[in-house]
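Q: Below are the sequence and a predicted model for it; my questions follow.
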Amino acid sequence: MQGTLDQAPSQPIASKQRSSIDWRPYLLVAPQTITFLFALVLPILAIFTISFWNFNGFTSVPGFTLNNYLGIFSSPVYLKTYLNTFKFAFLVWLVCVLISYPVAYYLAFRIKNSKWQTIWFLICTVPFLTSNIIRMISWIPFLGREGLINKALMGLHLTNQPVEMFLFSDFSVVLAMVHLYALFMVAPIFNSMMRIDRALIAAAEDLGASAFEIQKRIILPLAAPGVAIGTIFVVTLVMGEFATMRLMSGGKASSVGYLIKNQIDSLQYPMAAANAVVLLAITLMIVFGILRIVDIRKQI
Amino acid sequence: MSRINRRSFIQGGLAVGAAIAATRCSAPISQAPSGTPNNPAQAPEINSNRIKDVVIRTVGTGAAQSNDIRDQAEKDLGFKINMRALSTAEVIQIGITQPKQYDIWDGEFFALPLVIPSGNLQALDVKKLKQFDAVTPIFTTGELAPGARVNSSQGTAPRKVMFLKDQNSIEFATSPTDWATIVPYQFGADTLGYRPDLVGRKIESWAELFNPEFRGKTSLLDIPSIGIMDAAMITEAQGLMTFEDKGNMTREEMDKVAKILIEQKQAGQFRAFWKSFDESVNFMSSGEVILQSMWSPAVAAVKSRGLPCVYAPLKEGYRGWGGGMGLSKNLSGIQLDAAYEYLNWVLDGWIGSFLIRQGFYSATPTTARKFMKSEEWDFWYDGKQAAIDIVDPYGKKIESIGAVRDGGGFNERVSNIVCWNSFMKEQVYLVYKWTEFVVA
């Protein structure tokens, strides 16, 4: 970034400077560029190419066919899988916002001491010190038929039968995903809120605005970019999910990620690639949609 | 000043990074197993002295990629063995797409219609396999005993993919030849497992999995090609359907099975589905599920937690599977000799005794027997009451004196294999229908 800005004004006198172009900025960005090229751009191009190949039942055959895509768009089963993925992305996003906004607000505005702010924020990150899989699996003995919650409910005589919907249901999937991804929402909202000029709130209070009015007209609009960044994180993570979906639904619900995994396991690479391309396109559209609404560059 | 510091810091960091990258990149070359392109094997004339420097790399599923097996093999053979334990699907993928990643491919028979056409495995010279005669006829001719149900079993039965037409062929031979695809070493007869304490009675038919009595407490295997065969066993047992070949279903049959599965799912018959061995063990031992399709070592694992678990003998018979080891086409010279030595070691029986004690069957029972106590053999193979406490390969007690193996002796069990894990022609449609079932 710095490099291109430096170059721009020197354009008119380029002839003088041509011999002594400063290569250092290019060298500095080179490792990252090369990594992205080989680890991101090339694999995506490969996936894109393979998505047009044929599959003869045994192996992938190079060629050009649109059947893989037509299959996706003409099948009620795949349509349902995509809708299911959107449903979970929306539910997880909604719960994440509802939980993260108050948490971030509390951290940013209610805790006045910056040392304690840091400490509390670090406490929020403690669950993230263990792996995703462990955090997810640890819910299973907790929610199961013989699990802690059901034992407690039955011990308190609140229910006679164990509640089955706690585990291997949509509920357990959303619960585990919220647990896994809520911090990705808390952090950017907290970041946005910390940038809000406290004088604005003092002024609003002096003018007699109610707490609700302050939320509505000052904090929420100014924290919106944080919500937008958090949304991008959460939505992209959930859209690509397959492990949580499988384990927490007990294999009873599916997502596009899990569909792709099943297709790869059956060596149906062209269909898996076509699904990956469609999923990527949809996710990118969501991200660009969000970026059009909110200018997140201000936040970085 | 600070700017200069930052610059020099970054430059220093880059230098360090480059150094790390350089060593990282060069490291694998110096460590590459000999015989691979990065580190070619030594000339063949010093073979006999050099075999101890050989490293044989295997890829396979969990069962035989265990440290105990590796240690014993290294001790007996004198060269090094590197094992990679992967999922069934990964083993097939690597078999087909990355032939340079392995010397020995340890996979299942039903994968051979996929792996053999890739040309990545070399035909095995049966004459070089000293104890190949000891392989049970289930794999070679398919005939176990006159009139046994297994003789006419459906699906990708090992006998159908055991031999190649000749050394350079990728076509399966219908009767034994001198060129084998893989060396069989383990197989099993899968069936339903249940918790007798929670079920309260004997389970004797596949149809019980769809019995409303167990609503919300059953589970099915979530691997499409195997799960649909279990579903087929159930619908056939219920009298709802009959199949020409459960191992190679038509689209209409798949449609029908999927429809029944979806009805059962929506009625709440299933608690969950399992994909990995340990998931099935956890479902069963936590009591979430009391009746499900299961693998033999999973039943042993539930029992070793002190919980009763029965691997049900079912009147309709069992779904069989078999595994074996093949050689990469890239092997030659001393590497190839060492790989054949390993295969001969596998046929020699130690590994068979190890797997039998986990509830698998050895493909070479006569050689495995040498490594077992006669009381162990009687329990595991002859279906007799245990005369001593039965221990697993790690020395942990799993059955007490007087216990009898579920499903009885070997002949009783194995002759009732009615279908085998399969690769179906309509595999694409199968995965599609399975997806429909999962999202329903």
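A: Arrived safely.

Q: and the residue of the stretch 1-150 of chain B found nearest chain A, how many neighbours?
A: Of all residues in the stretch 1-150 of chain B, B:Ala89 sits closest to chain A, at 3.7 Å by CB to the nearest CB. (Glycine included, C-beta is placed from N, CA and C.) B:Ala89: 18 surrounding residues under other CB atoms under 10 Å in any protein chain shown.

Q: List the residues that contact it.
A: A:264-266 (CB atoms under 8 Å, 6 or more residues apart in numbering or on different chains).

Q: Next step: those restricted to strands.
A: The strands, defined by DSSP state E, take in nothing from these.

Q: near chain B, which residues of the stretch 51-200 of chain A show up?
A: Contact residues (CB under 8 Å from any CB of the partner chain) of the stretch 51-200 of chain A with chain B: A:55, A:57-59, A:75, A:77-78, A:80-81, A:84, A:140-141, A:144-146, A:164, A:167-168.

Q: When you filter the residues you listed down to buried only, what's left?
A: Neighbour-count burial (16 or more other CB atoms under 10 Å in any protein chain shown) is assigned, among these, to A:55, A:58-59, A:77-78, A:81, A:84, A:140, A:144-145, A:164, A:167-168.

Q: Please flag which of these sit within helices.
A: A:77-78, A:81, A:84, A:140 (DSSP state H).

Q: thinking again about what came up before, grab the two from the buried ones among the residues of the stretch 51-200 of chain A next to chain B that are most spread out in space.
A: The largest distance within those, taken as CB to CB, falls between A:Thr59 and A:Arg145 and amounts to 43.6 Å.

Q: mind showing which ranges of the stretch 101-250 of chain B have poor pLDDT?
A: For the stretch 101-250 of chain B, no stretch is flagged by pLDDT under 70.

Q: so what's residue 150 closest to, chain neighbours aside?
A: Because you didn't say which chain, this covers chain A. Ranked by CB to CB, 6 or more residues apart in numbering or on different chains and with sequence neighbours excluded, the top spatial neighbour of A:Asn150 is A:Pro162, at 4.1 Å.

Q: you looked at the wrong chain, it should be chain B
A: Distances taken as CB to CB, 6+ apart put B:Ile417 closest to B:Val150, at 4.5 Å, once the chain neighbours are dropped.

Q: Phi first, then psi, for that neighbour.
A: Per-residue torsions, B:Ile417: phi -70, psi 120 (degrees, to the nearest 10).

Q: Identify the bridge partners of the residue of chain B found nearest chain A.
A: Nearest residue of chain B to chain A (CB to the nearest CB) works out as B:Ala272 at 2.4 Å. For B:Ala272, the beta-bridge partners are B:Ser219 (DSSP bridges).

Q: give the contact list for it.
A: Taking CB under 8 Å, 6+ apart as the test, what B:Ala272 contacts is A:168, A:249-252, B:219, B:283, B:288-289.

Q: isn't there a strand covering B:Leu307?
A: No - judged by DSSP: H, G, I helix; E, B strand; the rest coil, B:Leu307 forms no part of a strand; its state is coil.

Q: Skipping its backbone neighbours, what lies nearest it in space?
A: In space, B:Leu307 is closest to B:Ser285, 5.5 Å off (CB to CB, 6+ apart).

Q: do the same with B:Glu108
A: Leaving aside its chain neighbours, B:Glu108 sits nearest to B:Gly323 (5.0 Å; criterion: CB to CB, 6+ apart).

Q: Checking the one you found next. Helix, strand or coil?
A: Secondary structure, three-state DSSP: B:Gly323 is strand.

Q: Touching, it and B:Val183? I think so.
A: No - applying CB atoms under 8 Å as the test, B:Gly323 and B:Val183 come out as separate, 10.0 Å apart.

Q: For the stretch 1-150 of chain A, just list every one of the strands.
A: Assigned by DSSP state E, counting those that start in this stretch, the strands in the stretch 1-150 of chain A fall at A:54-55, A:60-61.

Q: Now do A:Gln268 against chain B, distance only.
A: 6 Å (CB to the nearest CB, to the nearest Å).

Q: Apart from its chain neighbours, what residue comes closest to the closest residue to chain B within the stretch 1-150 of chain A?
A: Residue of the stretch 1-150 of chain A nearest chain B, by CB to the nearest CB: A:Val77 (4.3 Å). Nearest in space to A:Val77, with sequence neighbours left out and distances taken as CB to CB, 6+ apart, is B:Glu436 at 4.3 Å.

Q: and if you look at B:Trp420?
A: Of all residues not flanking B:Trp420 in the chain, B:Gly155 sits nearest, at 3.8 Å (CB to CB, 6+ apart).

Q: Good, wrapping up.
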